[in-house]
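[1] only geometry, no sequence info:
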């Protein structure tokens, strides 16, 4: 009887722990989604807090092959955009969030409605004593597979043209 009771208590404790863990994951996921939405909203309203949500050594990779910035480099590059009422407006419509077992590291991918059309992005967030910090974010244009060869050819021609112009200088 004692063994049965002990076994039942152990199962109950495990289930309770799993339920609390699932609740905790759902809570962290909800907070992360809100944090990312606020980050996008900061850009949409040209609020400089946008950059405060990035880690000091965080990295932002844009759509152009030259666009890899640390937070401060990105802030300097984007200064002209944040002098307007709206820097840019990204609206997530499909996001997936995952995290490490201790919830310290969170990674996500999302699809966004943007002025460039539909984009995709991935990011890594660290949960610190001060809250969430974006450590890495990469934005990509979506390209239908049927257009890949056409666009690759256009990029090749542009690169060759730029190389020729550089040689003339």
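    Yep, it's here. What you see is a predicted model, and the numbers here were worked out from it, not measured in a lab. Residues are numbered from 1 along each chain as shown.

[2] show me where this structure has strands.
    Taking DSSP state E as the criterion, the chain carries its strands at 54-61, 68-70, 91-99, 105-114, 117-128, 131-141.

[3] Specify the angle between the last one and strand 105-114 in degrees.
    Read it as strand 131-141. 40 degrees (axes from the mean of the first three to the mean of the last three CA atoms, to 10 degrees).

[4] and if you look at the longest one?
    Here strand 117-128 points in a direction 160 degrees away from that of strand 105-114 (the same axes, to 10 degrees).

[5] returning to what we had before: would you turn the strands of the chain into a markdown table with mean pLDDT, distance to residue 147 and mean neighbour count?
    Any C-beta I mention is one placed from the backbone N, CA and C, and that applies to glycine too. Shown next, in a markdown table, are the strands of the chain (pLDDT from 0 to 100; distance: least, CB to CB, whole Å; neighbours: other CB atoms under 10 Å):
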| stretch | mean pLDDT | distance to residue 147 | mean neighbour count |
| --- | --- | --- | --- |
| strand 54-61 | 98 | 22 | 17 |
| strand 68-70 | 98 | 25 | 15 |
| strand 91-99 | 97 | 21 | 14 |
| strand 105-114 | 98 | 18 | 18 |
| strand 117-128 | 97 | 12 | 17 |
| strand 131-141 | 97 | 11 | 17 |
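
[6] In JSON lines, list these along with distance to residue 41.
    Putting these into JSON lines (distance: least, CB to CB, whole Å) gives the following:
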{"stretch": "strand 54-61", "distance to residue 41": "15"}
{"stretch": "strand 68-70", "distance to residue 41": "21"}
{"stretch": "strand 91-99", "distance to residue 41": "9"}
{"stretch": "strand 105-114", "distance to residue 41": "13"}
{"stretch": "strand 117-128", "distance to residue 41": "15"}
{"stretch": "strand 131-141", "distance to residue 41": "14"}
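
[7] Please name whichever of those strands is nearest to residue 37.
    Closest approach to residue 37 among the strands of the chain (CB to CB): strand 91-99, 6.8 Å.

[8] Residues contacting the closest one, please?
    25, 28-29, 32-33, 36-37, 40, 105-114 (CB atoms under 8 Å, 6 or more residues apart in numbering).

[9] Thanks a lot, catch you later.
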